[in-house]
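**Student:** Generate coordinates for the sequence data below:
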Amino acid sequence: AADKINLIPQDFFAELCEQIIQHLNHKIPGVNTAELCQRIQTSGIEINVGDLAKIANIISFLFSTAARNSLSTEELVATLGNAVSVLPKHAVQVIRHVWNEQGTSISVSEDARNMATVGQFVDIKWKLGVAMSSDTCRSLKYPYVTVTLKVADPSGQITDKSFEMTIPQFKNFFKQFKEMAAVLETV
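**Tutor:** As a prediction, the model looks like this:
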């Protein structure tokens with residue numbers, strides 16, 4: 001991972017670290033590595049989203065472990081001492097700076113740890129479509145609904161989950177959401 005960290009410019013690495021801190025503080029649902037990766041690639045750096053996600057997981061683990069152990073900035077940098085020869089100097093400087101500025105704000109309550117085992121909803125998009133024909137049927141005229149859920153997994157990686165439903169399936173889906181809303185009104 002260190003060789004991949006070396007590819008990331010300091011400003012993008014700092015943004016990644018700050019997003020991870022915000023995620024650990026429950027201020028944002030996750031780190032959008034796909035969007036950040038696209039911006040890094042646009043700047044001319046060749047890195048794939050999988051490698052960036054691995055780096056985000058490593059930094060997230062580093063910050064959450066440091067918070068759980070109440071490490072000071074110096075203790076964190078000393079703990080990284082073995083890795084300093086492997087990690088690029090700019091990465092260690094960014095980690096030191098971000099931890100010094102925002103590290104103490106990370107809350108590691110038991111509730112937050114338990115909640116971290118479940119993904120978090122970020123956004124939903126839908127569209128109505130009609131299948132006009134296929135290679136086996138000339139005239140389908142079959143309506144369907146495509147739903148895309150944007151979800152942050154427990155590590156904070158944001159992913160899209162898409163699925164299609166027939167109109168009867170969508171009506172059942174909608175009915176269940178109305179039932180959830182009605183129950184929430186009673187709380």
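**Student:** Geometric centre of this structure: which residue is closest?
**Tutor:** The centre of the chain sits closest to residue 157, judged by C-alpha atoms, centre = their mean, with a distance of 2.3 Å.
**Student:** By mean pLDDT, which helix or strand of this structure comes out lowest?
**Tutor:** helix 110-115 (a mean of 46; mean pLDDT, DSSP states H and E).
**Student:** Mind checking what secondary structure the residue sitting furthest away from the middle of the chain has?
**Tutor:** Most distant residue from the mean C-alpha position of the chain: residue 138, 42.5 Å away (C-alpha atoms, centre = their mean). Classification of residue 138 by DSSP: H, G, I helix; E, B strand; the rest coil places it in coil.
**Student:** Tell me where this structure has helices.
**Tutor:** Counting by DSSP state H, residue ranges of the helices within the chain are 2-7, 10-24, 33-42, 49-68, 73-79, 81-84, 89-102, 110-115, 167-186.
**Student:** Can you add distance to residue 128 and mean neighbour count and give the ones you listed back as TSV?
**Tutor:** All C-beta spots, glycine's among them, are computed from the backbone N, C-alpha and C. TSV is the format used below for the helices of the chain (distance: least, C-beta to C-beta, whole Å; neighbours: other C-beta atoms under 10 Å):
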stretch	distance to residue 128	mean neighbour count
helix 2-7	41	15
helix 10-24	33	20
helix 33-42	26	16
helix 49-68	30	18
helix 73-79	51	15
helix 81-84	51	11
helix 89-102	43	18
helix 110-115	34	10
helix 167-186	9	10
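**Student:** now for these, which one comes closest to residue 150?
**Tutor:** Distance to residue 150, taken as C-beta to C-beta, is lowest for helix 33-42 among the helices of the chain, at 10.3 Å.
**Student:** what sits against residue 80?
**Tutor:** Shown in contact with residue 80 (C-beta atoms under 8 Å, 6 or more residues apart in numbering): 62, 87, 92, 95.
**Student:** how about a cut-off of 7 Å?
**Tutor:** Residue 80 makes contacts with 87, 92, as judged by C-beta atoms under 7 Å, 6 or more residues apart in numbering.
**Student:** Got the confidence number for residue 84?
**Tutor:** In this model, residue 84 is scored at 50, pLDDT.
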